[in-house]
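# structure for this input, please:
(one chain, ligands or ions: 1)
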Amino acid sequence: MDLCIIGSGYVGLVSGACFAEVGHNVVCVDNDQRKVDALHAGKIPIYEPGLEELVQRNVAAKRLRFTNSIEDGVDHSQVVFIAVPTPPQADGSVDLSFIERVAREIAGVLKPGQYRVVVDKSTVPVKTGEKVTDTIKRYNTGADFDVVSNPEFLREGSAVPDLMKPDRIVIGGNSDRALALMKKVYEPFNAPILVTDVSSAELIKHAANSFLALKISYINAVSAICEASGADVEKVAAGIGMDRRIGRNFLNAGLGYGGSCFPKDIAAFIAISDDLGVPFTLLKEVQRINRDQKERYIKSIRDALWVLRDKKIAVWGLTFKPDTDDVRNSVPIEIVNELIKEGAIVTAYDPKGAEKAKEYNLCPGVKIVDCPLEAVKGAEALLLATEWKEFASIPLDEVKKQMHTPLVFDGRNFFDPTTMAELGFIYRAIGRPILPPKAA
Ligand code: UGA
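Purely as a prediction, here's the structure:
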C-alpha cells in the first residue's frame with residue numbers, strides 16, 4: 001500500500017521504517033528540511049537499536065523516502081498517518097496545536113474525488129478525532145476522508161521489535177471503508193487487531209500508559225514498606241508477579257518513572273478526566289509516589305554522606321532508561337542536578353546519552369566522562385541510575401580499588417546484594433535489606 005506519515009519523530013520514523021520493511025511504500029513528511037536531508041542520507045537523529053539499518057535498507061529498496069511536502073505525501077498515499085508531537089502545557093493538558101495545523105494542511109491539499117484515511121497515531125485526548133474531522137471539513141468542504149485513531153505502544157529502546165511484533169494493534173474508526181484499509185495496512189504484521197470506535201481507541205492509549213505508571217508507583221510504594229520492615233521488594237515483586245492476573249512486568253522498583261511519555265500522559269489523563277467532570281484522583285497519588293521515590297532516594301544518599309557539599313559522587317547512567325540516548329525528563333538527570341545543587345562534585349558516565357546531555361546542557365556543573373572506571377576514580381559514592389547492560393561486565397573489584405570509599409547506591413536494583421557485600425561494598429539498593437560488607 002502507499003502510506004504517508006506526517007512527522008518524522010520517534011513514532012513517525014520508526015513506524016515509517018517498519019511499514020516499509022513489511023512491503024508498503026512509505027513517504028515520511030517532516031517540515032525540518034535538514035532532518036529530511038539527513039534521513040535521506042541514512043543519518044538517524046536518535047539512537048534506537050536496529051533503526052539505522054532498517055531505514056538504510058528501505059531507502060535503498062526505494063520503499064521509504066522523505067519529503068518536506070505534505071502535498072507530495074497526501075497525493076501519493078491512500079492512508080495518511082499523523083505522528084506529530086503533542087507536548088504538555090503548564091497545567092498538564094495537551095497542546096494540540098501541531099495536530100490542528102496538520103489537519104488544516106491536509107485539508108488544504110486534499111483533491112476532489114481523492115478518498116483518504118487520516119489516521120491519528122500521536123497520543124491525543126479522547127475526542128481529538130472528532131476535532132480533526134471537523135477541522136478538515138471546515139477547511140475543505142468537499143473533502144472525501146475518514147478519521148481513524150491508531151495509537152502507538154512502542155517503547156524507546158525496543159521500538160523496532162515492539163512495532164514489528166506488537167501485542168495488539170488498536171484501530172478506532174467509525175467507517176467500514178476506512179477500517180478495511182487499515183486492516184490491510186496491518187495484515188503483514190500478523191498481530192491481534194482490536195477494532196473499536198474512535199473515542200475508545202483514543203482512551204486506550206492514555207488508560208494503558210496510566211496503568212503501567214500505576215504499576216510502577218505501586219511497587220515503589222511497596223519498596224518503601226520493605227525498607228521500613230526489612231523485607232525484600234525483589235522477592236515481593238516475584239511473588240505477586242507470579243499471579244498471572246498481575247504479571248511480573250513493570251514491577252521493577254527504582255528511582256521512579258520518567259521519559260517523554262509517562263509523566264506527560266499521566267498529567268494529560270488527569271486533565272482530561274477533570275475536563276470531563278470525572279476527576280481521576282488515583283493518578284494524582286501515582287504522581288505523588290513517583291516524586292517521593294526520587295526524594296526518598298536522594299535523602300538516603302544525604303543520610304549516608306551526611307553533608308553533600310564537596311563530596312565526590314560518580315553517576316552511572318543519565319538516560320531515562322537503557323538502550324536509548326533520550327535524556328528528556330530523565331530522573332537520573334534530576335537527581336544529578338539535585339546533588340550538584342547541594343554542592344557535590346559529580347562525574348557521570350552514560351554509554352549513549354552523554355552527547356545529548358552535553359548538547360542540551362541538561363546537567364551543568366557535571367563532568368561527563370567516556371569511561372565508567374574513570375567516573376569512579378576517587379569517588380566517595382557511586383550511584384547507578386540507569387540499568388545499562390554493560391554495567392554488568394565492569395569488574396567490581398576494579399571499581400572498588402578506584403573509589404575512595406566503596407559506597408554504592410543502586411537505584412535500579414541492578415547488582416546482587418550478597419555479591420556486593422562479599423566484595424566489601426557498602427551497598428544501598430531500593431527496598432532491599434542492608435547486608436553488612438565483608439571486611440577486606
Ligand atoms: C512507554 C510505554 O511503555 C509504551 O508502551 C508507550 O508506547 C510509550 O510510553 C509512549 O507513550 O510513547 P517508554 O516511555 O519508551 O514507553 O519506556 P518504558 O519502558 O515504559 O519506561 C518508562 C519509565 O518507567 C522509565 O523511566 C523506566 O525506567 C520506568 N520503569 C519501567 C520502572 O521504573 N519500572 C518498571 O518496571 C518499568
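# burial of the nearest residue to residue 323 once chain neighbours are set aside, as a residue count?
Distance criterion Cβ to Cβ, 6 or more residues apart in numbering; nearest residue to residue 323, sequence neighbours excluded, is residue 157 at 3.3 Å. For glycine as for every other residue, the C-beta is placed from the backbone atoms N, C-alpha and C. Close neighbours of residue 157, defined as other Cβ atoms under 10 Å, add up to 21.
# return the set of buried residues in the helix or strand of the chain with the lowest mean pLDDT.
Ranking every helix and strand in the chain by mean pLDDT, DSSP states H and E puts helix 33-40 at the bottom, with a mean of 93. Across helix 33-40, burial judged by 16 or more other Cβ atoms under 10 Å covers 35-36, 39.
# I'd like those residues as a markdown table, with distance to the ligand appended.
Formatted as a markdown table, the buried residues of helix 33-40 follow (distance: Cβ to the nearest ligand atom, whole Å):
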| residue | distance to the ligand |
| --- | --- |
| 35 | 20 |
| 36 | 23 |
| 39 | 20 |
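# thinking again about what came up before, confirm for me that the residue nearest to residue 323 is in contact with residue 324.
Yes - look at residue 157 against residue 324 with Cβ atoms under 8 Å: they come within range, at 4.4 Å.
# and residue 74, its phi and psi?
phi -70, psi -40 (degrees, to the nearest 10).
# ranges for the strands of the stretch 301-440 of the chain?
312-316, 345-349, 367-368, 381-384, 407-410, 426-428 (DSSP state E, counting those that start in this stretch).
# dump these to CSV, plus distance to residue 5.
Converted to CSV, the strands of the stretch 301-440 of the chain look like this (distance: least, Cβ to Cβ, whole Å):
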stretch, distance to residue 5
strand 312-316, 36
strand 345-349, 35
strand 367-368, 34
strand 381-384, 37
strand 407-410, 40
strand 426-428, 45
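# need those strands in JSON lines (columns: mean neighbour count).
Output for the strands of the stretch 301-440 of the chain, formatted as JSON lines (neighbours: other Cβ atoms under 10 Å):
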{"stretch": "strand 312-316", "mean neighbour count": "26"}
{"stretch": "strand 345-349", "mean neighbour count": "22"}
{"stretch": "strand 367-368", "mean neighbour count": "16"}
{"stretch": "strand 381-384", "mean neighbour count": "25"}
{"stretch": "strand 407-410", "mean neighbour count": "24"}
{"stretch": "strand 426-428", "mean neighbour count": "21"}
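# any chance of those in JSON lines, with distance to the ligand and mean pLDDT too?
JSON lines is the format used below for these (distance: least, Cβ to the nearest ligand atom, whole Å; pLDDT from 0 to 100):
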{"stretch": "strand 312-316", "distance to the ligand": "14", "mean pLDDT": "98"}
{"stretch": "strand 345-349", "distance to the ligand": "17", "mean pLDDT": "98"}
{"stretch": "strand 367-368", "distance to the ligand": "20", "mean pLDDT": "98"}
{"stretch": "strand 381-384", "distance to the ligand": "13", "mean pLDDT": "98"}
{"stretch": "strand 407-410", "distance to the ligand": "13", "mean pLDDT": "98"}
{"stretch": "strand 426-428", "distance to the ligand": "17", "mean pLDDT": "97"}
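# which neighbours do residue 157 and residue 324 have in common?
With contacts defined as Cβ atoms under 8 Å, 6 or more residues apart in numbering, the residues shared by residue 157 and residue 324 are residue 48.
# give me the domain ranges for the protein.
2-196, 205-287, 290-428 (automatic domain parsing).
# got the residues of the chain near the ligand?
With Cβ under 6 Å from any ligand atom as the criterion, the chain meets the ligand at residues 123, 152-156, 209, 212, 216, 250-252, 254, 257-259, 261-262, 265, 320-321.
# can you give me phi and psi for the residue nearest to residue 323?
Torsion angles, degrees, to the nearest 10, at residue 157: phi 90, psi -20.
# wait, doesn't residue 216 sit right on residue 263?
No - using Cβ under 8 Å as the test, residue 216 is too far from residue 263 to be in contact (11.4 Å).
# who touches both of these two?
Common neighbours of residue 216 and residue 263 (Cβ under 8 Å, 6+ apart) are 257, 290.
# distance of residue 254 from residue 388?
Using Cβ to Cβ, to the nearest Å, residue 254 is found at 13 Å from residue 388.
# so in this structure, which helix runs the longest?
helix 198-229 (DSSP state H).
# any buried residues in the helix or strand that comes right after that one, and which?
Downstream of helix 198-229, the next assigned helix or strand under DSSP states H and E is helix 233-241. For helix 233-241, burial by neighbour count (16+ other Cβ under 10 Å) applies to 233-234, 236-237, 240.
# next one: helix 233-241 to chain centre, how far?
In this view, helix 233-241 has its centroid 24 Å away from the chain centroid, taken as Cα atoms, centre = their mean, to the nearest Å.
# okay, helices next: where are they in the stretch 301-440 of the chain?
Here the stretch 301-440 of the chain has its helices, by DSSP state H, counting those that start in this stretch, at 331-341, 354-359, 372-376, 396-402, 417-422.
# of the buried residues of helix 233-241, just say which sits nearest to residue 427.
Taking Cβ to Cβ as the measure, residue 427 lies nearest residue 234 of the buried residues of helix 233-241, at 13.6 Å.
# isn't the closest one up against residue 430?
No - the pair residue 234 and residue 430 does not pass the contact test of Cβ under 8 Å, sitting 9.2 Å apart.
# quick one: low-confidence parts of the chain?
Residue ranges of the chain with pLDDT under 70: 440.
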